[in-house]
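Enquirer: Got a predicted model here, sequence first, then my questions.
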Amino acid sequence: MTQLKIPKLLQKKIEEFEEDIREVMESLGGYAKKHEYKILILLLRKGYTFVEHTGIYKKLTEEYKLKIYSDEEFKNELRIKLGSAKNVQEIKKWKMIVFDDAIDDGESIKKFFDDISEIVSENLEKAQKTLKDISKVYKNGDGTSYKSKNTSDDFIKDLVRRGNIKICAYLLNESNPEWGKKLEAKWGEKITSIIKDEDIGHKEQKEKFIKDVTRIIDFLAHTGEIIDPDHLKIEGKFKEPLSYEMIWYILVDISNKISGSVYEPDIKYYHPDKKKITIYNLPCKEWISDDIRNIGIGNSNFQCKIRFIFFFKNGMIEKFQIIPIVNPKIIRGNIGSCNYSGLEKRFCELCTKNVKYENICVDCILFEVTKRVILTFIKDYFLKSEVKDKLKNSLDCKWEYLDNKYEKTKIPNFVNELCKLFQE
């Protein structure tokens, strides 16, 4: 098997796309600086790939003075800020631009604002007194006044009405204006003003829009970035390099034993040194528990898959990563009064005095669910396949999200304990 190489035609298209993205992001940065926007929120993590691989990140942060968040980072920051009533007035002054790579029907944008509304609602009671004090009267842009109500939706509408939150996109399906009308009907007309009034990004009819979405996919695949910053990663090496055909045979065999299905991206989206293969349709509910509510998750179906990243050298595979992607419906617990009898480890018992650990109950439950899924997969299937005798040393693992967030607690030790279970 020869070393994969990027075709010259594809390389040229990638370079053209990178230059196009740089121009769009510079226009966005200029708009933000002119109108004093300080926060840029990148949806779906793909935005980070845009700004990192085109070299525009430094310019956005240093020249245009933008604080850049992913959508999840921003939501966590909002949770922390709303935990203290004194911060509500500060939040009212935030000026933010929400950036999406492509808007077709607006579902990603809608979900983001719904999520923010839910976060505000969850924390509204804590900050209610301050909201009553500061939300009585606001000024419109024309100098007239209006009263604001104390609901999570109106909290956001106040920001939109003053022009403090706006939406931008690299690519917009101009054939579908309904997405904008629906969003404006709920949150206010000013929310889409960048898209409507500024020459930033591309507004295309449906056919051209679909073709340009393919350009985005080509670019993201070319970078080789598998953006999983909040997931557990398990790493391993082979004693001797294996062919791609051998790897494929092993994964299909594992998948058949668990009635799953194997998927790999279309060949035109390959990266020369990395290959992503995923096993879907895992029996995760069965692997987690007979009574899943005992660990805090609902009974509805949820995304559960195992992603493999294989790293090529001279056309052969020497090392790999295994990444469990598990997203159940989590029934939020309450710190100090959790009654989930199935949880082996309770994060709150170690962090009750540390108020900065927002969303700790979600992290706790997700750790338990992921642990059960990946242990079953590794010990009952992966290490019982032909791959076992081909491994060099034991599997290693890291969970940077938990390590970084809880670095001053004993919680990172749980990840180390999990790694040791792979070696038994």
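Expert: Sure, I can see it.

Enquirer: How far does whichever strand or helix holds I317 sit from its chain's centre?
Expert: Applying DSSP states H and E as the criterion places I317 in strand 316-327. Using Cα atoms, centre = their mean, to the nearest Å, the mean C-alpha position of strand 316-327 is found 18 Å from that of the whole chain.

Enquirer: likewise stretch 389-400?
Expert: A distance of 25 Å separates the centroid of the chain from that of stretch 389-400, by Cα atoms, centre = their mean.

Enquirer: Next, the buried residues of that stretch.
Expert: Within stretch 389-400, the residues scored as buried using 16 or more other Cβ atoms under 10 Å are K390, L395, C397, W399. For every residue, glycine as well, the C-beta is placed using N, CA and C.

Enquirer: Low-confidence bits of the stretch 1-150 of the chain, can you list those?
Expert: Along the stretch 1-150 of the chain, the parts satisfying pLDDT under 70 run over 1-7, 9-10, 44-48, 53, 83-85, 123-150.

Enquirer: Return the member of the buried residues of stretch 389-400 nearest to C168.
Expert: W399 (32.9 Å; Cβ to Cβ).

Enquirer: Wait, that closest one touches L232, no?
Expert: Yes. The pair W399 / L232 is scored as a contact, 4.6 Å apart, by Cβ atoms under 8 Å.

Enquirer: so I330 makes contact with F367?
Expert: No. Assessed by Cβ under 8 Å, I330 is found out of contact with F367, at 11.2 Å.

Enquirer: what ranges do the strands span in the stretch 151-300 of the chain?
Expert: 165-173, 202-204, 233-242, 261-263, 274-280 (DSSP state E, counting those that start in this stretch).

Enquirer: actually the stretch 1-150 of the chain, not the one I wrote
Expert: Under DSSP E, counting those that start in this stretch, the stretch 1-150 of the chain gives strands at 39-42, 67-70, 96-103, 138-139, 145-146.

Enquirer: Among the ones you listed, pick out the one with the most neighbours on average.
Expert: A comparison of those by mean neighbour count, using mean count of other Cβ atoms under 10 Å, puts strand 96-103 on top with a mean of 24.

Enquirer: Residues touching that strand, excluding its own?
Expert: 28, 31-32, 37-44, 46-47, 50, 108-109, 112, 159, 164-173, 179, 194-195, 209, 212-213, 216 (Cβ atoms under 8 Å, 6 or more residues apart in numbering).

Enquirer: Equivalent analysis for stretch 407-419, please.
Expert: By Cβ under 8 Å, 6+ apart, the list of residues contacting stretch 407-419 from outside reads 232, 345, 347, 350-351, 354, 367, 371, 374-375, 395-399, 402-403, 406.

Enquirer: For it, could you pull out the residues that count as buried?
Expert: Neighbour counts over stretch 407-419 (16+ other Cβ under 10 Å) mark T409, I411, P412, F414, V415, L418, C419 as buried.

Enquirer: Tabulate the strands of the stretch 1-150 of the chain (a markdown table), appending distance to I277.
Expert: As requested, the strands of the stretch 1-150 of the chain are arranged in a markdown table below (distance: least, Cβ to Cβ, whole Å):
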| stretch | distance to I277 |
| --- | --- |
| strand 39-42 | 27 |
| strand 67-70 | 25 |
| strand 96-103 | 24 |
| strand 138-139 | 53 |
| strand 145-146 | 55 |
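
Enquirer: I'd like to know which of those strands lies nearest to F312.
Expert: For F312, the closest of those is strand 96-103, at 27.2 Å, according to Cβ to Cβ.

Enquirer: Just the helices from the stretch 301-424 of the chain, written as ranges.
Expert: Per DSSP state H, counting those that start in this stretch, the stretch 301-424 of the chain carries helices over the ranges 348-351, 360-380, 400-405, 411-422.

Enquirer: now for those, which one comes closest to T61?
Expert: Among those, helix 400-405 comes nearest to T61, with 19.9 Å by Cβ to Cβ.

Enquirer: which strands and helices sit next to the closest one?
Expert: If you count contacts as 3 or more Cβ pairs under 8 Å, 6 or more residues apart in numbering; DSSP states H and E, helix 400-405 packs onto helix 360-380, helix 411-422.

Enquirer: cutoff 7 Å now
Expert: Helix 400-405 makes packing contacts with helix 411-422 when contacts are defined by 3 or more Cβ pairs under 7 Å, 6 or more residues apart in numbering; DSSP states H and E.

Enquirer: coming back round to it: which of the buried residues of stretch 389-400 sits closest to E23?
Expert: E23 lies nearest to W399 out of the buried residues of stretch 389-400, by Cβ to Cβ, at 37.6 Å.

Enquirer: any idea how far the nearest residue to K81 once chain neighbours are set aside lies from F112?
Expert: Nearest non-adjacent residue to K81, counting by Cβ to Cβ, 6 or more residues apart in numbering: N87, 4.3 Å away. From N87 over to F112 the distance is 21 Å, taken as Cβ to Cβ, to the nearest Å.

Enquirer: Which of these two has more residues huddled nearby?
Expert: Neighbour totals were compared for N87 and F112, and F112 leads with 19 against 15 (other Cβ atoms under 10 Å).

Enquirer: Now that one: closest residue in space, sequence neighbours ignored.
Expert: D71 (5.7 Å).

Enquirer: Give me the number of neighbouring residues for the one you found.
Expert: Per other Cβ under 10 Å, the neighbour tally for D71 reads 21.

Enquirer: wait, it sits on D114?
Expert: No. Under the criterion of Cβ atoms under 7 Å, D71 makes no contact with D114, lying 11.9 Å away.

Enquirer: Now the common contact residues for the two.
Expert: Overlap of the contact sets of D71 and D114 (by Cβ atoms under 7 Å, 6 or more residues apart in numbering) is empty.

Enquirer: among the contacts of stretch 407-419, which ones are buried?
Expert: Buried subset of these (neighbour count, 16+ other Cβ under 10 Å): 232, 345, 347, 350-351, 367, 371, 374, 395, 397, 399, 402, 406.

Enquirer: which one of these is nearest I250?
Expert: Using Cβ to Cβ, L395 is the member of the buried ones among the contacts of stretch 407-419 that lies nearest I250, at 15.1 Å.

Enquirer: so how far is V98 from G29?
Expert: Per Cβ to Cβ, G29 is found 15 Å from V98.
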